[in-house]
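1. My questions concern the predicted model and sequence given below.
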Amino acid sequence: MRPPLSRLSILAATALATFAAGAQDNVRLPDLGSSANALISPREADEYGAMMLRQMHALDLTVDDALVDQYINDLGYRLVASSDRPKDHFSFFIVKDTQINAFAAPGGYIGVNAGLINITSSESELAGVIAHEIGHITQNHLYRAFEDSKKNAPLMALVLLGAIAAGAGGGAGDAAPAVLMGGQGLLMQRQINFTRKDEIEADRVGIQTLANAGYDPEAMAEFFGRMQDTLRVGEGEEALPALLQTHPVTLARISDAKARARVIEEKQANKPRLSTLDKATWEKSTAPVLFVKDPTALVSPGGKVAPESTGDTYALMRERVRVLSGDAQRLTSYYATNLKRKDFDTAANRYGYALALLRTGHGAQAVDQLQPLLASQPGNVILRLGLADAYENAGRHGDAMAIYKALHENSPRNRAVALGYARALADSGRAEDARAASAMLRPMLDDSDDPEIFRTFARASERSGDTIRAAEAYADSAYLSGRPFDAMEQLRRLLKRDDLDYYQRSRIQARISDLTPLLLELRKRRITTDDNPDGRSQ
């Protein structure tokens, strides 16, 4: 578990998180130096972003799914590796919101709304939006926006924070998410005039990053152009996608992006299509690669991403996001109705239908949808994992376990596979299976901020008889889910047990010491959390 914040400034976190933005810029801006550090240090930026994400978990504003999380972070880090700051910290997540929008927050945290993913038509388009947001961070646009508006931003942040707290503490249902998204739009609208030049810079950098990563450099312009078409429907500004309100698009900006993309394409066309590496030279200058006879074969010519198809990972993940962020009952009808059309009947939409059936408890029907897909794509891990989940839901435990076991043996560090397999093992009713589940997940705890991994590990440990490890993991899950007071109370109760050995007691005391400064700061500022709705000491 990561240690809590050493210094909490939730107001600054909320304010900075709302300054939107865009793509990566190949025109380097001067380093802000001490000016940026005076506002927020890199460590504080990471802490603020992490705190924001934990609060979003607590408000159920994020799509928490291991497969989706793995996909969006793999895509994001492919782009980061092709940016001009590949060693910076980044974390990518999906917001459970149907509005078409994306945003960047302090510490390299980038959120993409489910609604935006749902309307993209290719992975290159999605990558273009994410590259744009990466650029806002690498070009220090967040710091600049905050510095230039520091007179107004804290007051706006206070108002927004109070509204979120009221929604979260008052049991207002959808009030908190609505207030958060509405507040973001308001703050971003106040910054539009300031960010226009940043948007253009971000476009230029993002397009270069997109091309460096092997994606279609014209995809960003095409996507924003498609969004800009909504301006012509005559429905008024309130009907605009949130993306256009926070990332203003003009015909000149789209034309500039397209022109820049074509220049990059022309440069790429003049590059050698085959590897220019000489085998003998490589062997003299680099360490040998075991079991590889010709190291130059590791370099793929061109590095282009394969064109998207209806059955590829991107298309499957787009439908998974649609189902996990929407009303499963309504989506079941949506897929069932539209699959009667030949143009809609694709592998991705069949997969989406199966997920919707699975979420509504119709595992047997989901199996019927997934089996034909796997017949044509037997090696597809996403479809195989979906079938295992469907078997488990349908009560076919043996069939599910056979798939989980095979998948785990082939990919032992795949979090999505491990979670599905561990859940099935923990639910089998046998203590030895529960021990196997906890052993499977334990190596993943050290570098994970996913509360679901800790919850599943806790359940498996509890059912295997290790109640102390289970209690520790439940407390970690509470903290990562944005409930730090609950986590502290669980740890204090656990510390009172008289059967703790020296090492167990030391671990628990260390966790309590880590949490204490955070809780003191929260109480001092009267900031509400899901487990402390009035902002007072408990």
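-> Structure received.
2. Spatially nearest residue to residue 467, not counting backbone neighbours?
-> Closest residue in space to residue 467, ignoring its immediate chain neighbours: residue 461 at 7.5 Å, by Cβ to Cβ, 6 or more residues apart in numbering. C-beta: built from backbone N, CA, C; applies to glycine.
3. any idea how far that neighbour lies from residue 392?
-> Going from residue 461 to residue 392 by Cβ to Cβ, to the nearest Å gives 21 Å.
4. how about the CA coordinates for the helix or strand hosting the residue nearest to residue 467, as PDB?
-> Element membership for residue 461 (DSSP states H and E) is helix 451-464. Extracted in PDB, the C-alpha atoms of helix 451-464 (Å, rounded to 0.1, in the frame of the first residue of the first chain):
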ATOM      1  CA  PRO A 451      -8.700  -1.800  -4.200                       C
ATOM      2  CA  GLU A 452     -10.300  -4.800  -5.900                       C
ATOM      3  CA  ILE A 453      -7.100  -6.800  -5.800                       C
ATOM      4  CA  PHE A 454      -6.900  -6.100  -2.000                       C
ATOM      5  CA  ARG A 455     -10.500  -7.000  -1.500                       C
ATOM      6  CA  THR A 456     -10.100 -10.300  -3.400                       C
ATOM      7  CA  PHE A 457      -6.900 -11.100  -1.500                       C
ATOM      8  CA  ALA A 458      -8.600 -10.300   1.800                       C
ATOM      9  CA  ARG A 459     -11.600 -12.600   1.000                       C
ATOM     10  CA  ALA A 460      -9.200 -15.400  -0.100                       C
ATOM     11  CA  SER A 461      -7.000 -15.000   3.100                       C
ATOM     12  CA  GLU A 462     -10.100 -15.000   5.300                       C
ATOM     13  CA  ARG A 463     -11.400 -18.200   3.800                       C
ATOM     14  CA  SER A 464      -8.000 -19.900   4.100                       C
END
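5. Mind listing what's buried along it?
-> Neighbour counts over helix 451-464 (16 or more other Cβ atoms under 10 Å) mark 451-464 as buried.
6. likewise stretch 499-513?
-> Neighbour counts over stretch 499-513 (16+ other Cβ under 10 Å) mark 500, 504, 507-508, 511-512 as buried.
7. what do you get for stretch 401-415?
-> 401, 403-404, 407-408, 414-415.
8. Nearest to residue 54, out of those residues: which one, please.
-> residue 415 (18.7 Å; Cβ to Cβ).
9. list the contacts for the closest one?
-> Residues near residue 415 by Cβ atoms under 8 Å, 6 or more residues apart in numbering: 66, 69-70, 444, 448, 450, 453.
10. Could you pull up the mean pLDDT of stretch 372-388?
-> Taken as a whole, stretch 372-388 has a mean pLDDT of 95.
11. Let's see it as PDB, backbone CA atoms only.
-> Coordinates of each C-alpha in stretch 372-388 appear next as PDB, following Å, rounded to 0.1, in the frame of the first residue of the first chain:
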ATOM      1  CA  PRO A 372     -18.900 -19.000 -31.600                       C
ATOM      2  CA  LEU A 373     -16.500 -16.000 -31.200                       C
ATOM      3  CA  LEU A 374     -13.900 -18.200 -29.700                       C
ATOM      4  CA  ALA A 375     -14.300 -20.800 -32.500                       C
ATOM      5  CA  SER A 376     -13.000 -18.200 -34.900                       C
ATOM      6  CA  GLN A 377     -10.500 -16.700 -32.400                       C
ATOM      7  CA  PRO A 378      -9.400 -19.500 -30.100                       C
ATOM      8  CA  GLY A 379      -6.300 -17.700 -28.800                       C
ATOM      9  CA  ASN A 380      -8.100 -14.500 -27.800                       C
ATOM     10  CA  VAL A 381      -7.400 -14.000 -24.100                       C
ATOM     11  CA  ILE A 382     -10.200 -11.400 -23.700                       C
ATOM     12  CA  LEU A 383     -12.800 -13.800 -25.100                       C
ATOM     13  CA  ARG A 384     -11.500 -16.800 -23.200                       C
ATOM     14  CA  LEU A 385     -11.600 -14.800 -19.900                       C
ATOM     15  CA  GLY A 386     -15.100 -13.700 -20.800                       C
ATOM     16  CA  LEU A 387     -16.200 -17.300 -21.400                       C
ATOM     17  CA  ALA A 388     -14.700 -18.400 -18.100                       C
END
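12. hmm, back to that, among the buried residues of stretch 401-415, which are in helices?
-> 401, 403-404, 407-408, 415 (DSSP state H).
13. how about the residues you listed, which pair is most distant?
-> 401 and 415 (18.5 Å).
14. Mind putting the ones in helices among the buried residues of stretch 401-415 into a markdown table with distance to residue 42?
-> Formatted as a markdown table, those follow (distance: Cβ to Cβ, whole Å):
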| residue | distance to residue 42 |
| --- | --- |
| 401 | 45 |
| 403 | 43 |
| 404 | 40 |
| 407 | 38 |
| 408 | 37 |
| 415 | 27 |
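15. Among those residues, find me the one that's closest to residue 122.
-> residue 415 (25.8 Å).
16. if I look at residue 74, how far off is residue 394?
-> Residue 74 is 30 Å from residue 394, by Cβ to Cβ.
17. Neighbour count for these two, which is higher?
-> residue 394 (19 against 11; other Cβ atoms under 10 Å).
18. Nearest residue to the more buried one in space, ignoring adjacent ones along the chain?
-> residue 363 (3.4 Å).
19. List the residues that contact that neighbour.
-> Residue 363 makes contacts with 357, 389-395, as judged by Cβ under 8 Å, 6+ apart.
20. PyMOL command to pick out the buried ones of those residues?
-> Buried members of these, defined by 16+ other Cβ under 10 Å, are picked up in PyMOL with:
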select buried, resi 357+389+390+391+392+393+394
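21. Tabulate the contacts of residue 363 (a markdown table), appending distance to residue 521.
-> Output for the contacts of residue 363, formatted as a markdown table (distance: Cβ to Cβ, whole Å):
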| residue | distance to residue 521 |
| --- | --- |
| 357 | 46 |
| 389 | 41 |
| 390 | 46 |
| 391 | 47 |
| 392 | 43 |
| 393 | 43 |
| 394 | 48 |
| 395 | 49 |
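22. Which stretches in the stretch 51-200 of the chain count as helices?
-> 66-81, 114-119, 123-138, 141-148, 153-169, 175-212 (DSSP state H, counting those that start in this stretch).
23. just checking, what packs against the first one?
-> It stands for helix 66-81. Judged by 3 or more Cβ pairs under 8 Å, 6 or more residues apart in numbering; DSSP states H and E, helix 66-81 is in contact with strand 91-95, helix 123-138, helix 313-324, helix 415-426.
24. rewinding a little: could you give the average pLDDT over the helix holding residue 461?
-> Mean predicted confidence for helix 451-464 is 96.
25. what angle sits between that helix and helix 66-81?
-> 140 degrees (axes from the mean of the first three to the mean of the last three Cα atoms, to 10 degrees).
26. Show me what helix 451-464 is packed against.
-> Using 3+ Cβ pairs under 8 Å, 6+ apart: helix 451-464 touches helix 415-426, helix 431-441, helix 467-480.
27. right, so of these, which gets closest to residue 123?
-> In terms of Cβ to Cβ, the element of these nearest to residue 123 is helix 415-426, at 18.6 Å.
28. Put the alpha carbons of the closest one into CSV.
-> Provided in CSV are the C-alpha atoms of helix 415-426 (Å, rounded to 0.1, in the frame of the first residue of the first chain):
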residue,chain,number,x,y,z
ARG,A,415,-4.0,-9.1,-13.2
ALA,A,416,-7.4,-9.6,-14.9
VAL,A,417,-6.7,-13.4,-15.2
ALA,A,418,-5.4,-13.6,-11.7
LEU,A,419,-8.4,-11.8,-10.2
GLY,A,420,-10.9,-14.0,-12.1
TYR,A,421,-9.1,-17.1,-11.2
ALA,A,422,-8.6,-16.1,-7.5
ARG,A,423,-12.3,-15.2,-7.1
ALA,A,424,-13.3,-18.6,-8.5
LEU,A,425,-10.9,-20.4,-6.2
ALA,A,426,-11.9,-18.4,-3.1
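29. now, among the ones in helices among the buried residues of stretch 401-415, which is nearest to residue 201?
-> Using Cβ to Cβ, residue 415 comes nearest to residue 201 of these, at 35.6 Å.
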